[in-house]
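Asker: Starting from these lines, generate the structure:
(chains A and B)
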Protein chains: 2
Amino acid sequence: MIVGGSEDRQHDMRVLTRFVELCGGVERPVAVMTAASEIGDQVFEMYRAAFAELGVTHMTHVHLDSPKEAASEKLLSRIREAKGIFMTGGDQKRLLEMIGGTPIHTEIATAFARGACIAGTSAGASAMSRFMLAEGKAELAPEKGAIRLGEGLGFVERIVIDQHFAQRKRLPRLLSIIAERPDLYGVGIDEDTALLISPGIGMEVIGDGAVTLIDGLNMISNIDELDTGDVPRLIDVRLHLLPAGTRFDAAADEGTRVPPPFQDFFDALIQPEQREPS
Amino acid sequence: MIVGGSEDRQHDMRVLTRFVELCGGVERPVAVMTAASEIGDQVFEMYRAAFAELGVTHMTHVHLDSPKEAASEKLLSRIREAKGIFMTGGDQKRLLEMIGGTPIHTEIATAFARGACIAGTSAGASAMSRFMLAEGKAELAPEKGAIRLGEGLGFVERIVIDQHFAQRKRLPRLLSIIAERPDLYGVGIDEDTALLISPGIGMEVIGDGAVTLIDGLNMISNIDELDTGDVPRLIDVRLHLLPAGTRFDAAADEGTRVPPPFQDFFDALIQPEQREPS
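Answerer: Predicted coordinates for the structure are as follows:
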C-alpha cells in the first residue's frame, strides 16, 4: 500500500481503515516504522491515536536513530509478529540510512513475502521501490540532472514513486526522472490517496485523489545531447490518470479488465521480480 | 504566434523581437488589439513602449468597448494596413464578444491569409483557435464539466490553447478538456514562451519555457459514465514537451524532421482547414 502522504487520520480515515482491513482486522498487530523521521515518538503517537480510534488493539513502535539498532531483537520481533507494517513520512534517505540492507530490512521483506501488508506514506512511500527518488526538484519543467535516484527498499522493481503529487505539482519532477530513466515507470500519488498493489493479483486506487502514471517506454527525447539543467524535448510520453475507485485485476472479469495500453505498466506494478535486499 | 502570457517587455524581449522580425522589420506597421481588456489604453501604452524600445516606428491601437465599433472604418483600416497584429491579454470572452463574427474579425482573417503575423498573448492566445477555453478551472485533477469551451477566432482548427501553463499548473485544466473532447489537441504554453505556427510549413517554440502538448486520440476514458465534478479515469494520454529551441518543418531536413509519434499533432498545428469567421 503506497500512500501519497497526508492521509486522513482524524475523520473518515479511508486509507488507514483499508490498511487495517488488509492486516486482517483490528486485533492483528501493527508495527509503525518511524525511522524516516527524527521525531519518531511524536509520529508514532499520531498514528497510535489514529489506529486506536479505528479499534486496533495491538500496536508496536519501530524506530531507529542509528543503523546499529537494526539488529535489535526487540525491534526485529515486532516486525516478525506484525500483520501490517506502516512506514511513516519523514525523509526517505534517513529511512534507508537506518534500515537499508540491515536485518530489519530483511525482516520486512520476509513479512512482505508471507503476506503482511506493507504500507508506506510520503517518505515511506518513496522508499518502497528499488529505485527511490532520493532528492532534487524540478518546479516548472523537467530538467536534466535535477533528480538523484537512490537505492530503495525494493518491494517493487521497475517503478519510481513520488508523493503529494497533485498538491505539490510534481509532474515536472517525475518527468525529470523518466526522461533519464525511460526503463522505469513513474508513479505519482496524491495526498490522502493510496495505490494498492497485490503482487500477481491486481491493483486498486483508494482514498481521495488520483494516481498519475508516466510511461516513457516509447518516448523520444534529446536528453543525451543536453547539459545539466537543460529542459529535455520529450515526444510520446504516455500518461494514465487513475482516480480513487479504479481497480484492475489480472484475472479479469468484465468490470476490472486491464485496458491494453496499460497492460505493460500493470504487469510492472503487480509482478515485481522479487529481489533480496542488498 | 501563440504566446503563453507574461512575455518579457523590458529586457531581452525575445518573443516580441521575433514578432517584429516576422512582421518584416521595425518599419512595418503593427496593430495592437486590446479588446480583450477593459483598460485598453494602459495595455496599449505598455506595448507601445516595448515596441518603440525595439525600434518599431509605426504602431496603431485597435480597441473596442462595444461590438458596434467593429464596423469602424478607422479601426478596419488599421488592421488592413498592418503587417502584424498583436492581440493582448485580458479576458478571451470579452475579446470574442467585441469582435467575434464582426468585420474586424473578417479583416484579421484576411490579414492572416495574406501572410501578416497574427500574435496573441494570454487571453489573446486562448482566442486564436476555433475552440476556445472560455472559462472554468480544475486545480488538482481533471473534472468532468469543469471547463466551458466557446467559439474562438478560428485561426487554428483542431487545437485548444491554455496559457501561463507551467506557472499556473494548468495540466489538470487542459486534461479536463481533452477528456471530454479527445478530438481536439491540447496546447499548453508557458509564460514568456511562444508557439510559432507557419501554416503548411512548420512550427517552432521560442522564448523562455516550453509548450506541453496533450493528445487524447487514443485515450480510453470513463468520462461518459461520470457525473459532473467527477475525476475521469484516463488511460493512454500522449504528452509531448517541447522546450524553446524546438523546431519542426514539414519539408524536413535532418535536424528538424517531425518524429513519427508527433506527426498527426504536427499536421493539426500547421495545416488548419481555413474557416470563415461566422
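
Asker: And the helices in the stretch 1-150 of chain A?
Answerer: Along the stretch 1-150 of chain A, the stretches classed as helices by DSSP state H, counting those that start in this stretch are A:14-23, A:40-53, A:73-81, A:92-99, A:103-113, A:123-126.

Asker: can you pull the contacts of the residue of the stretch 1-150 of chain A found nearest chain B?
Answerer: Residue of the stretch 1-150 of chain A nearest chain B, by C-beta to the nearest C-beta: A:Leu140 (4.1 Å). Glycine gets a C-beta too; all of them are placed from N, C-alpha and C. Counting by C-beta atoms under 8 Å, 6 or more residues apart in numbering or on different chains, A:Leu140 touches A:172, B:166-167, B:190, B:209.

Asker: looking at the helices of the stretch 1-150 of chain A, which is buried most?
Answerer: Stretch with highest mean neighbour count among the helices of the stretch 1-150 of chain A: helix A:123-126 (a mean of 28; mean count of other C-beta atoms under 10 Å in any protein chain shown).

Asker: Quick check: which helices or strands does that one pack against?
Answerer: With contacts taken as 3 or more C-beta pairs under 8 Å, 6 or more residues apart in numbering or on different chains; DSSP states H and E, helix A:123-126 sits against strand A:2-3, strand A:84-87, helix A:92-99, strand A:159-162.

Asker: outside of that helix, which residues touch it?
Answerer: The contact list for helix A:123-126, computed with C-beta under 8 Å, 6+ apart, reads A:2-5, A:33, A:36-37, A:86-92, A:94-95, A:120, A:132-133, A:152, A:161-163, A:189.

Asker: Can I get that helix in PDB, CA atoms only?
Answerer: Provided in PDB are the C-alpha atoms of helix A:123-126 (Å, rounded to 0.1, in the frame of the first residue of the first chain):
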ATOM      1  CA  ALA A 123       8.800   9.300   2.500                       C
ATOM      2  CA  GLY A 124       7.700   5.800   3.400                       C
ATOM      3  CA  ALA A 125       6.000   5.600   0.000                       C
ATOM      4  CA  SER A 126       9.000   6.800  -1.900                       C
END
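
Asker: Let me see the mean pLDDT of that helix.
Answerer: Mean pLDDT, helix A:123-126: 98.

Asker: buried ones in whichever strand or helix holds A:Leu175?
Answerer: Take DSSP states H and E as the rule and A:Leu175 turns out to sit in helix A:171-180. Neighbour counts over helix A:171-180 (16 or more other C-beta atoms under 10 Å in any protein chain shown) mark A:171-180 as buried.

Asker: could you pick out which of those residues are near chain B?
Answerer: Among the buried residues of helix A:171-180, the residues lying close to chain B (C-beta under 8 Å from any C-beta of the partner chain) are A:171-172, A:175.

Asker: Closest one of those to A:Gly245?
Answerer: Set against A:Gly245, the nearest of these by C-beta to C-beta is A:Leu171 (21.6 Å).

Asker: I figured the closest one hits A:Ala179, correct?
Answerer: No: the pair A:Leu171 / A:Ala179 is not scored as a contact, 11.9 Å apart, by C-beta atoms under 8 Å.

Asker: ok, the residue nearest to A:Ala141 when sequence neighbours are not counted - contacts?
Answerer: Excluding the flanking residues, the one nearest A:Ala141 by C-beta to C-beta, 6 or more residues apart in numbering or on different chains is A:Val231, at 4.5 Å. Contact analysis of A:Val231 by C-beta under 8 Å, 6+ apart lists A:141-144, B:210, B:241, B:243.

Asker: ok, those residues vs B:Val156, which is closest?
Answerer: Closest to B:Val156 out of the contacts of A:Val231 is B:Ala210 (18.8 Å), distances taken as C-beta to C-beta.

Asker: how near is A:Ile235 to B:Asp183?
Answerer: Relative to B:Asp183, A:Ile235 is positioned 21 Å away (C-beta to C-beta, to the nearest Å).

Asker: Which of these two has more residues huddled nearby?
Answerer: Taking other C-beta atoms under 10 Å in any protein chain shown, A:Ile235 and B:Asp183 do not tie; A:Ile235 has more neighbours (23 against 10).

Asker: Ramachandran coordinates for the more buried one?
Answerer: With angles defined as degrees, to the nearest 10, A:Ile235 sits at phi -120, psi 130.

Asker: bridging residues for it?
Answerer: On the basis of DSSP bridges, A:Ile235 is bridged to A:Ile220.

Asker: thought it was touching B:Pro259?
Answerer: Yes: with contact defined as C-beta under 8 Å, A:Ile235 counts as touching B:Pro259 (4.7 Å).

Asker: Give me the common contacts of the two.
Answerer: Residues touching both A:Ile235 and B:Pro259 by C-beta under 8 Å, 6+ apart: A:Ile220.

Asker: roughly how far apart are A:Thr228 and B:Asp249?
Answerer: Counting by C-beta to C-beta - A:Thr228 and B:Asp249 are separated by 29 Å.

Asker: In terms of packing, which of those two has more residues around it?
Answerer: B:Asp249 (17 against 8).

Asker: got the contact list for the more buried one?
Answerer: By C-beta under 8 Å, 6+ apart, the neighbours of B:Asp249 are B:201-202, B:256-258.

Asker: from those residues, which has minimum pLDDT?
Answerer: Among these, B:Thr256 has the weakest pLDDT, 85.

Asker: That residue against B:Ala250, yeah?
Answerer: No: assessed by C-beta under 8 Å, B:Thr256 is found out of contact with B:Ala250, at 9.5 Å.

Asker: hang on, A:Leu239 in a strand?
Answerer: Yes: the assignment for A:Leu239 by DSSP: H, G, I helix; E, B strand; the rest coil puts it in a strand.

Asker: check contacts around it.
Answerer: A:212-215, B:234, B:237-239 are the contacts of A:Leu239 under C-beta under 8 Å, 6+ apart.

Asker: So it versus B:Leu76, what's the distance?
Answerer: 45 Å.

Asker: Show me the strands in the stretch 101-250 of chain A, by range?
Answerer: A:117-121, A:131-135, A:148-151, A:159-162, A:185-189, A:193-198, A:202-207, A:210-215, A:220-221, A:234-243, A:247-249 (DSSP state E, counting those that start in this stretch).

Asker: From the ones you listed, pick the one with the highest average neighbour count.
Answerer: strand A:185-189 (a mean of 28).

Asker: Check whether it comes near chain B.
Answerer: No: judged by C-beta under 8 Å from any C-beta, strand A:185-189 stays clear of chain B, getting no closer than 11.4 Å.

Asker: I'd like to know which elements that strand is packed against.
Answerer: Secondary-structure packing of strand A:185-189 (3+ C-beta pairs under 8 Å, 6+ apart): strand A:2-3, strand A:159-162, helix A:171-180, strand A:210-215, helix A:263-270.

Asker: Count the neighbours of the residue lying closest to A:Phe248 once chain neighbours are set aside for me.
Answerer: Leaving aside its sequence neighbours, A:Phe248 sits nearest to A:Val258 (C-beta to C-beta, 6+ apart; 4.7 Å). Using other C-beta under 10 Å, A:Val258 has 19 neighbouring residues.

Asker: Likewise for the one 4 residues further on?
Answerer: In terms of burial, A:Phe262 registers 19 neighbours under the definition other C-beta under 10 Å.

Asker: With adjacent residues omitted, what lies nearest to it?
Answerer: Nearest to A:Phe262 is B:Ile235, by C-beta to C-beta, 6+ apart, at 5.1 Å.

Asker: interface residues of chain A facing chain B?
Answerer: Selection of chain A residues close to chain B by C-beta under 8 Å from any C-beta yields A:140-142, A:166-167, A:169, A:171-172, A:175, A:190, A:209-210, A:218, A:220, A:230-244, A:246, A:259, A:261-262.

Asker: The same query, at a cut-off of 6 Å, please.
Answerer: Proximity of chain A to chain B, by C-beta under 6 Å from any C-beta of the partner chain, involves residues A:140-141, A:166, A:169, A:210, A:220, A:231, A:233-243, A:246, A:259, A:261-262.

Asker: ok, back up a step: quick check: phi and psi at the residue nearest to A:Ala141.
Answerer: phi -90, psi 120.
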